[in-house]
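Student: coordinates only, no sequence provided:
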């Protein structure tokens, strides 16, 4: 007769229960995703990132508070002074469905950050696909790849604001598509950007058929570097140089400065654009220079009926801007600019010369800095000379 212990059935039942519990716990562990990581820091914002790095979102906020005193000779107006928030922006960026698909959205809330006739806070909203070294694609509203100093973020400038040449002749933001590469052919020294845009500026509806076509070719003959950040705060040990040439054609735009300015009440104009620029950095020294040109197809905008309307704005300009880091945080800067209208262009477009000097203190690079400058602008033919002193604090969290 077989002798079976009385506790055997109970032991088997316990073992089966333990196996089921272990299997269930393992299945739950496999099905529960790892929690996302959260990072934060000055200059980096707040980043939420999935455990597999296939999705992320970074939120950053920027504020520039500026005090300005200005006086213009040869006019009846008194000197002015103001303290305002020049820029207040919120940036949301990150990647989706993997590292090759990224997005960028920037909103602006300061008064001078919005156009007078279109009070929209949207400055940037684009998606970038970058799975190919020589062919990245960007779609949405963005800065047109044309002028170096205009493409440089206003957060990364070594003076309080841009040259009068860039303010007049640049191609600003527009909605469209660009294909580009920052490492063409994999040699580390060539880049390009070709764009197709609406041609009427930020998020606007055009009146007539016509697009803006742009092309930019870049070279870094001594090797790549961060040439879209002004000032050599890092004091690069090796000489770095960036060169670029640009071309553009804007067909049937209704804006006096191609993509900028109050639209014509009627009529459109064609503009041809060209520019060349360079950037240099070495051991605290930095230099940026641009030559820019804009030419209208005619002296005035033309209505569908052929009636002459407000004058177009054709001309050229150039500037040279340099800086030197003095110590670890201080930088002295200077800039000279020359802006010249073409014959027969808009009479309000006058020849002007700019001379500026500045001083910056970088507490945490460009993310936390105090800048001050003095700007002298003389307009030929009008007798107007403007003296302007500015001090600005920037925090870019």
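Tutor: Looks like it arrived, so ask away. Note that the structure is predicted; figures quoted are calculated from it, not measured.

Student: and the gap between the closest residue to residue 106 other than its chain neighbours and residue 239?
Tutor: Nearest residue to residue 106 in three dimensions, chain neighbours excluded: residue 124, at 4.0 Å (Cβ to Cβ, 6 or more residues apart in numbering). Where C-beta positions appear, they are placed from N, C-alpha and C, glycine not excepted. Applying Cβ to Cβ, to the nearest Å, the value for residue 124 to residue 239 is 33 Å.

Student: neighbour count for these two, which is higher?
Tutor: Neighbour comparison, residue 124 and residue 239: the larger count goes to residue 124, with 18 against 14 (by other Cβ atoms under 10 Å).

Student: name the element the residue nearest to residue 106 belongs to?
Tutor: Assigned by DSSP states H and E, residue 124 belongs to strand 122-129.

Student: list the neighbouring strands of the following helix or strand past that strand plus their orientation.
Tutor: Sequence-wise, the next helix or strand downstream of strand 122-129 (DSSP H and E) is strand 136-143. If you go by DSSP bridges, strand 136-143 pairs up with strand 122-129 (antiparallel), strand 173-181 (antiparallel).

Student: what's in contact with the shortest one?
Tutor: In other words, strand 122-129. 89, 100-108, 113, 136-143, 173, 202-203 (Cβ atoms under 8 Å, 6 or more residues apart in numbering).

Student: in ChimeraX, select just the buried ones from these.
Tutor: To isolate the buried members of the contacts of strand 122-129 in ChimeraX, using 16 or more other Cβ atoms under 10 Å:
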select :89,101,102,104,105,106,107,108,113,136,138,140,141,142,143,173,202,203
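
Student: show me where the chain has helices.
Tutor: 8-31, 148-151, 164-169 (DSSP state H).

Student: hang on, the earlier thing: pull out the buried positions in the strand holding residue 124.
Tutor: Here strand 122-129 shows 123, 124, 125, 126, 128 as buried, counting by 16+ other Cβ under 10 Å.

Student: as TSV, those residues with distance to residue 320 and pLDDT would be great.
Tutor: Output for the buried residues of strand 122-129, formatted as TSV (distance: Cβ to Cβ, whole Å; pLDDT from 0 to 100):
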residue	distance to residue 320	pLDDT
123	28	95
124	29	97
125	34	98
126	32	98
128	32	98
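
Student: between those residues, which is nearest residue 165?
Tutor: Distance ranking of these against residue 165, using Cβ to Cβ, places residue 123 first at 21.9 Å.

Student: spit out the contact partners of residue 44.
Tutor: Applying Cβ under 8 Å, 6+ apart, the residues near residue 44 are 58, 60.

Student: quick one: it from residue 364, how far?
Tutor: Counting by Cβ to Cβ - residue 44 and residue 364 are separated by 11 Å.

Student: try residue 385
Tutor: Taken as Cβ to Cβ, the span from residue 385 to residue 364 is 37 Å.

Student: these two: which has the busier surroundings?
Tutor: Between residue 385 and residue 364, counting by other Cβ under 10 Å, residue 385 is the more crowded of the two (16 against 12).

Student: surely that one touches residue 355?
Tutor: No. If you go by Cβ atoms under 8 Å, residue 385 and residue 355 don't touch, sitting 10.8 Å apart.

Student: flag the shaky bits of the stretch 201-350 of the chain, pLDDT-wise.
Tutor: 299-309 (pLDDT under 70).

Student: which residues of it fall in strands?
Tutor: Secondary structure of the stretch 201-350 of the chain (DSSP state E, counting those that start in this stretch): strands at 212-219, 240-253, 269-282, 285-296, 300-302, 308-311, 315-326, 330-341.

Student: can I get those in CSV with mean neighbour count and distance to residue 149?
Tutor: Converted to CSV, these look like this (neighbours: other Cβ atoms under 10 Å; distance: least, Cβ to Cβ, whole Å):
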stretch, mean neighbour count, distance to residue 149
strand 212-219, 20, 14
strand 240-253, 21, 12
strand 269-282, 21, 8
strand 285-296, 21, 6
strand 300-302, 21, 27
strand 308-311, 16, 26
strand 315-326, 20, 8
strand 330-341, 19, 10
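
Student: now those strands as CSV including distance to residue 158?
Tutor: Below are these laid out as CSV (distance: least, Cβ to Cβ, whole Å):
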stretch, distance to residue 158
strand 212-219, 20
strand 240-253, 15
strand 269-282, 11
strand 285-296, 7
strand 300-302, 37
strand 308-311, 35
strand 315-326, 5
strand 330-341, 5
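
Student: closest to residue 393 out of those?
Tutor: Short answer: strand 330-341, nearest of these by Cβ to Cβ, at 15.5 Å.

Student: run the chain-centre distance for that closest one.
Tutor: 20 Å (Cα atoms, centre = their mean, to the nearest Å).

Student: swap in stretch 125-133?
Tutor: 16 Å.
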